[in-house]
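1. Take this sequence and fold it.
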Amino acid sequence: NPKKLVISFEVFPPKKDFEEKAQKLIEELAILKQFEPAFVSVTYGAGGSTQNHSFELAMKIKKELSIEIMPHFTCIGASKENVKEYLNLIKNNNINSILALRGDVPQDCEDFEFNDDFRFASDLVDFIKAKTNLSIGVAGYPEVHKEAPNAKQDLENLKKKIDSGANAIITQVFFNNDHYYDFVEKAHQEGINVPIIPGILPITNLKQIERMVSMCGSEIPIDLIEQITKYQDDKKTMRKIGIEFAVNQCQELINSGVSGIHFYTLNKAGATKEVLENIL
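-> Predicted coordinates:
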């Protein structure tokens, strides 16, 4: 239904006490199920760490909540045989889509070497397209990937992923909608015509801001930083500020005509639920 906003969520597998925390995550997602998500994407750590738990969590979500899942799959350090095995696992469990990523180099591996089979995410997309009928999502970077030399090269790399067979783009977190609008316009000029789904994170504490800036270089509006810093010792007020900002950001995106929004939930339902209650 083109008139209905398509909602999706991202979660990640717990690193410790998996069984207990995974069940708590299921309870959080059960709260968000009322918003009828099109899918839940499930990440895993750099270099493939937590991959087994990632798939286990994805299947748990699918079985217990009857929600479509989109497992992440990174190709960094992987061979064609590794990828083929994983794709067979996906196929045998009736999963329809996958988020294909190059992945991050493990920070604790100084002499890491790329596998020649998959140097870039476009190589992975090409391989998946040739071997399966899966729908393929890829990542897009409104503020440019941190390893790209410039925005033009970054868009050319994105175009390669689309030309290789990707069906949709989910963006990295951003807090300034102008970056998203500019990114979409330039993507269209590059000949990219698949859906570009904005990725939104409702900020509820100062550490989240610091983490986002260090991880992906997202620009945080000065007034948001000032307000959250001012009320960093007042959790209730800080949470309210972050949620109000996300509501306004989402509403502006909806007014601009986006067909869907992807929420980075950080494994908690509360903030995302409040945002959705205000925009739907």
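2. Low-confidence stretches in the stretch 101-250 of the chain?
-> 104-116 (pLDDT under 70).
3. Tell me where it has strands.
-> For the stretch 101-250 of the chain, applying DSSP state E, counting those that start in this stretch gives strands covering 135-140, 168-173, 196-200.
4. Including mean neighbour count and distance to Asn52, could the ones you listed go into JSON lines?
-> Where C-beta positions appear, they are placed from N, C-alpha and C, glycine not excepted. Shown next, in JSON lines, are those (neighbours: other C-beta atoms under 10 Å; distance: least, C-beta to C-beta, whole Å):
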{"stretch": "strand 135-140", "mean neighbour count": "23", "distance to Asn52": "21"}
{"stretch": "strand 168-173", "mean neighbour count": "21", "distance to Asn52": "23"}
{"stretch": "strand 196-200", "mean neighbour count": "22", "distance to Asn52": "25"}
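5. Format those as TSV; extra columns: distance to Asp123.
-> Output for the strands of the stretch 101-250 of the chain, formatted as TSV (distance: least, C-beta to C-beta, whole Å):
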stretch	distance to Asp123
strand 135-140	12
strand 168-173	17
strand 196-200	22
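6. pLDDT score for the residue nearest to Ser135 when sequence neighbours are not counted?
-> Using C-beta to C-beta, 6 or more residues apart in numbering and skipping the chain neighbours, the partner closest in space to Ser135 is Ser97 (4.0 Å). Ser97 is assigned a pLDDT of 95 by the prediction.
7. before we move on, what about Gly48?
-> Note for Gly48: predicted pLDDT of 51.
8. where do the helices sit along this protein?
-> Secondary structure of the chain by DSSP state H: the helices cover 18-32, 51-65, 80-92, 121-131, 151-163, 177-189, 206-216, 222-230, 235-256, 270-279.
9. Give me the angle between the last one and strand 196-200.
-> Going back to what we said before, that points to helix 270-279. Relative orientation of helix 270-279 versus strand 196-200 (axes from the mean of the first three to the mean of the last three C-alpha atoms, to 10 degrees): 120 degrees.
10. before we move on, what about the longest one?
-> Between the axes of helix 235-256 and strand 196-200, defined by the same axes, to 10 degrees, the angle is 170 degrees.
11. now the third one
-> Helix 80-92 and strand 196-200 meet at an angle of 90 degrees, taking the same axes, to 10 degrees as the criterion.
12. other SSEs contacting helix 80-92?
-> In this structure, helix 80-92 packs against strand 69-74, helix 121-131, with contacts taken as 3 or more C-beta pairs under 8 Å, 6 or more residues apart in numbering; DSSP states H and E.
13. picking that back up, please list all residues in contact with the residue nearest to Ser135.
-> By C-beta atoms under 8 Å, 6 or more residues apart in numbering, the contact list for Ser97 reads 39, 68, 70, 134-137.
14. For the residues you listed, give me a markdown table that also has distance to Thr265.
-> Output for those, formatted as a markdown table (distance: C-beta to C-beta, whole Å):
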| residue | distance to Thr265 |
| --- | --- |
| Phe39 | 13 |
| Glu68 | 16 |
| Met70 | 14 |
| Leu134 | 23 |
| Ser135 | 21 |
| Ile136 | 22 |
| Gly137 | 17 |
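15. with these in mind, which one is nearest to Arg239?
-> Phe39 (26.8 Å; C-beta to C-beta).
16. Averaged pLDDT, stretch 23-30. What do you get?
-> So the average pLDDT for stretch 23-30 ends up being 97.
17. Tell me which of the strands of the stretch 101-250 of the chain sits nearest to Ala58.
-> It's strand 135-140; of the strands of the stretch 101-250 of the chain, that one is closest to Ala58 (C-beta to C-beta) at 14.0 Å.
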